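>>> Here's a sequence, model it:
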Amino acid sequence: LRSAYPHYERPVSTGSEKFSENPKLAPLDTPIPKLAAHLQTSGEAKYTHDLSSPNNCLFAAPVLSTEPRALIKSIDVSKALEVPGMVRVITAKDIQRLGGSNNAGAFPGDEPVLAETEVFCAGQFVALAVGKSEISAEKASKLVRIEYGAAPEAAVVGIDEAIKRKSFLKPSQFASQQHPVVKRGDVDSAWSSCQRVVTGDIRTSGQSHFYMETQTCLVTPDEGGRLDIQCASQGPTAVRKAVSVAVKKAAHKIVVGTRRAGGAFGGKLSRNIPLVSACAVAAETLQLPVRAQLERRVDMSSCGSRHPMMARYRVGFDSKGLISALTIDVFADGGYTVDDTFGLLDMAQLMMDNAYYIPNYRTTTTACKTNTITNTDMRSPGVCQAVFFMETVLDRVSYEVGVPPAKLREINFYNYNGKQKTPLGDPLTYITLDKVWEGLKTSGNIVERSAAVEAFNKANRWRKRGIYTTPSKYGVAQRGYIMSVLITIMAEDGTICVAHSGVEIGQGINTKVAQAVALRLGVKLNMIKISHNSTSALPNATLTGGSGTSETVVNAALLAADKMNKKLQPYKKNGVSWTEAVDSAWGSGVNLSAQGYWGPQQTPGSGYNPIYDYFVYTACCTEVELDVLTGQIQVIRSDISYDCGQSLNQAIDIGQVEGAYIQSIGFYLTEDVKHCEKTGKVLTAGTWDYRVPTAYDIPQEFNVTFIKTTNPAKLNTMGSKATAEPPYQLGASAFFAVKQAIYAARSDAGLKGYVHLDTPATPVQIQLACGVADSQLKI
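Now for the predicted structure:
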């Protein structure tokens, strides 16, 4: 009875971070803070909306649709224009006047900048209110009156309705899925030989990016018809391309810069383009600077989230839990446009097998089209859902045969000998799953802790604990990136300016590039200055995302540094200092600039064609405590074992691992994107209705260990491995630990049977799953 009302005080979180350094690589492989850390923590770092407004700058706020599917009969701006300080309401007609194309999508025709004759979801941009202050623009945006007419067909909201009405996103010449079906063996013939077969379904909610800096931009008309754009973007080149189409200008007249972004997580790959394009149309129309930053609720209502998904599975296995046949059919809610839905479904397909070899295997994915705001990439797009589906299957089989979850996983792991292949044929040559998994058993004291959890549960009726371990195998490819680095040395003092085409979004890319250049040129780190990203200097780059940007930009930086070393080599003899060598080279007319380019020509020759260049292996053991009466969860301890290869910066990489895990706790346990069932409007737009992880969700004890290894793949960056997305799947260990605690509570209540639990496992869902009845509460 005492367990029902303990005086609980959460202790301050503690933990450990274990890694090894290689002094020969200093200052690379050195755990130094990010170069801008002091600026950011002191508030001195300038983000887009911190930049000073030019003279006569105007402010903009979007007008959002309130209907999920309707014709636009008229747009009445009269009341909006009565607001003091209001200048104009921009509509799709202004794009036509400029001769531009009303397109802000990932490809032509996918998504308009501003709705023209009809709307396809609540939250879609219809117009842009432009005024002399943020207050006037935001107030006016709410006074624009849109008269709607009946749509040709009723709105589709949710995956179930989309399946029922066969509403699916269609492939085109611009976007299509490469792997809608992935299979190995003959699953249809295998069912008859399975000792047991079970079926089920599982769902995941969306997840808001919830970056600290909402979508923002500043567009300034310049001489010669140029538009200078500052924006928070993961792809300045993509912004330039979209804006040039919207305002019908040559690409060289659109200059896009991103100093840094205040968080992104995939939400600034494409979802910033409608706002930037609309503001560019306004700036070009009025020939005045225009800036905007979305209010949090507007951002969450109009910019989409991680794709909600539903999976149906059928699995065949023997009495020991060895899985011999499996099918998983996945349906994703893409919203009303394609965006990158096909791409992330391919990622889901490529990594749904996770760490398990299943001889007869087939997975399918289907993109549903609904009348909700477009969903988009978010950290580990498609993969965290796919891995969760696979882990759910393993959890189900573990329950059915009574084999402990960790043991059952070991039974179904890929062989440690590295001779097996993924369902699509990628060899697992350099597998380190054994080192990660076995190392975690020791460092996490899993056997002893499991016994302690069992004892705790026997002693407490209304508080229960659970402990669970899950692995992850995450593929990374460097071949899809095109990145450039420009190194320029100042002749006066030898300081080095480095410009690169990646974007600093908090992942520490600037610091890693500076460390790499300092190492290769043989100078101190304080000699390096990273310039701001701009398409005027390095105009043709791929997006920053997918976990491979930091590594490929570092590769380009090393190539540029090698070129610079070759230029300076004749002047570095006889022990002269760096500044003396630079001065001599400059005096001899040497060009003190060098560019490095990472692109297709860096790919190894014929015969090298895997989908991924290498895999990251990691595992996590999480222990949680459950308040049975309220459904509240405390994460007691989490231990992560991670194969980072030869880390480029342990402090940054461990920070990425820890951050990914905490963000995934939100996906699995706290964050639930809800839509109105009739209109599709986002109901959880704001901190009052939406719960992201806080300091209290950090494990009370949090331990991260980098195993000592390197990356021997043909394409790699000085032996390193990525850290941005591969750890994200590890939050599943907390989810399934919660289920173990639920089983313990149900056992005390006399309840049996497999527990179905979708993500996120919020306190309400957890408490209901515990099966507490009124009769159990009587003394």
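>>> what about stretch 106-126, start to end distance?
Its first and final residues considered, stretch 106-126 spans 19 Å by Cα to Cα, to the nearest Å.
>>> Can you list the buried residues in that stretch?
106, 110-115, 118-126 (16 or more other Cβ atoms under 10 Å). For every residue, glycine as well, the C-beta is placed using N, CA and C.
>>> do the same with stretch 433-443
For stretch 433-443, burial by neighbour count (16+ other Cβ under 10 Å) applies to Leu433, Asp434, Lys435, Val436, Trp437, Gly439, Leu440, Lys441, Ser443.
>>> From the buried residues of stretch 106-126, pick the one nearest Ile654.
Distance to Ile654 across the buried residues of stretch 106-126 (Cβ to Cβ) is lowest for Ala106, with 33.6 Å.
>>> circling back to that earlier point, which one of the buried residues of stretch 106-126 is nearest Leu345?
Ala106 (14.1 Å).
>>> Surely the closest one and Gly334 touch.
No. The criterion here is Cβ atoms under 8 Å, and Ala106 misses it with Gly334 at 11.4 Å.
>>> OK, contacts around the residue nearest to the spatial centre of the chain?
Centroid-nearest residue in the chain: Arg379, 1.3 Å away (criterion: Cα atoms, centre = their mean). Taking Cβ atoms under 8 Å, 6 or more residues apart in numbering as the contact definition, Arg379 lies against Phe265, Gly266, Ala660, Gln663, Ala724, Glu725, Tyr728.
>>> Pro171 contacts Phe342, correct?
Yes. Here Pro171 reaches Phe342: they are 6.8 Å apart, a contact under Cβ under 8 Å.
>>> which neighbours do these two share?
Common contacts of Pro171 and Phe342 (Cβ under 8 Å, 6+ apart): Gln177.
>>> which one of these two has more residues nearby?
The residue with more neighbours, out of Pro171 and Phe342, is Phe342; 22 against 14, by other Cβ atoms under 10 Å.
>>> and Ser42, how many residues sit next to it?
Counted with other Cβ under 10 Å, Ser42 comes out at 8.
>>> Okay, now the unreliable bits of the stretch 1-150 of the chain?
Under the criterion pLDDT under 70, the flagged ranges of the stretch 1-150 of the chain are 1-8.
>>> Can you show me the helices along it?
With helices called from DSSP state H, counting those that start in this stretch, the stretch 1-150 of the chain shows them at 37-42, 78-81, 92-97, 134-141.
>>> So what touches the third one?
Outside of helix 92-97, the residues that reach it under the criterion Cβ under 8 Å, 6+ apart are Ser101, Asn102, Pro112, Val113, Leu114, Ala115, Glu116, Ala246, Val247, Val281, Ala282, Thr285.
>>> Need these in TSV (columns: distance to Tyr211).
Listed next are the contacts of helix 92-97 as TSV, based on distance: Cβ to Cβ, whole Å:
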residue	distance to Tyr211
Ser101	28
Asn102	27
Pro112	24
Val113	22
Leu114	24
Ala115	25
Glu116	29
Ala246	24
Val247	26
Val281	24
Ala282	24
Thr285	29
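>>> Show me the residues you listed that map onto strands.
Nothing among these maps onto strands, per DSSP state E.
>>> Closest one of those to Val255?
Distance to Val255 across the contacts of helix 92-97 (Cβ to Cβ) is lowest for Val247, with 13.1 Å.
>>> Gln287 is in contact with the closest one, correct?
No. With contact defined as Cβ under 8 Å, Val247 does not reach Gln287; the gap is 11.8 Å.
>>> So for the two, which residue has more residues nearby?
Val247 (25 against 8).
>>> ok, now how distant is the more buried one from Leu128?
Taking Cβ to Cβ, to the nearest Å as the measure, Val247 falls 13 Å from Leu128.
>>> Overlap in contacts, those two.
Val281.
>>> on that earlier part again, of the contacts of Arg379, just say which sits nearest to Ser531.
So of the contacts of Arg379, ranked by how close each gets to Ser531 (Cβ to Cβ), first place is Ala724, at 22.6 Å.
>>> and that closest one, how far is that from Thr552?
As judged by Cβ to Cβ, Ala724 and Thr552 stand 13 Å apart.
>>> tell me which residues in stretch 495-509 are buried?
Neighbour-count burial for stretch 495-509 [16+ other Cβ under 10 Å]: 495-496, 498-509.
>>> tell me the mean pLDDT over that stretch?
For stretch 495-509, mean pLDDT is 96.
>>> What is the end-to-end distance of that stretch?
With Cα to Cα, one end of stretch 495-509 sits 20 Å from the other.
>>> just how off-centre is it within its chain?
On the basis of Cα atoms, centre = their mean, to the nearest Å, stretch 495-509 sits 19 Å off its chain's mean C-alpha point.
>>> residue ranges with poor pLDDT in this structure?
For the chain, residues meeting the criterion pLDDT under 70 lie at 1-8, 601, 779.
>>> List just the one of the helices of the stretch 1-150 of the chain that sits closest to Thr544.
helix 37-42 (17.9 Å).
>>> If you count contacts, what does that closest one end up packed against?
Identification of packing neighbours for helix 37-42 by 3 or more Cβ pairs under 8 Å, 6 or more residues apart in numbering; DSSP states H and E yields no helix or strand.
>>> outside of that helix, which residues touch it?
Taking Cβ under 8 Å, 6+ apart as the rule, helix 37-42 contacts Lys34, Glu44, Ala45.
>>> For it, output the C-alpha coordinates as PDB.
Presented in PDB, the C-alpha positions along helix 37-42 are these (Å, rounded to 0.1, in the frame of the first residue of the first chain):
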ATOM      1  CA  ALA A  37      29.000  27.500 -28.000                       C
ATOM      2  CA  HIS A  38      29.900  30.600 -26.000                       C
ATOM      3  CA  LEU A  39      28.000  32.900 -28.400                       C
ATOM      4  CA  GLN A  40      24.900  30.600 -28.300                       C
ATOM      5  CA  THR A  41      24.800  30.200 -24.500                       C
ATOM      6  CA  SER A  42      25.300  33.900 -23.900                       C
END
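>>> Quickly note the distance from the nearest residue to Leu64 once chain neighbours are set aside to Gln740.
The shortest distance from Leu64 to any non-neighbouring residue, by Cβ to Cβ, 6 or more residues apart in numbering, is to Gly123 (5.3 Å). Per Cβ to Cβ, Gly123 is found 39 Å from Gln740.
>>> again with Val63
In terms of Cβ to Cβ, Val63 sits 49 Å off from Gln740.
>>> got it, and Val255?
Val255 is 55 Å from Gln740, by Cβ to Cβ.
>>> Strands along the stretch 201-350 of the chain, start to end?
With DSSP state E, counting those that start in this stretch as the criterion, the stretch 201-350 of the chain has strands at 216-221, 227-231, 254-258, 290-293, 309-317, 323-333.
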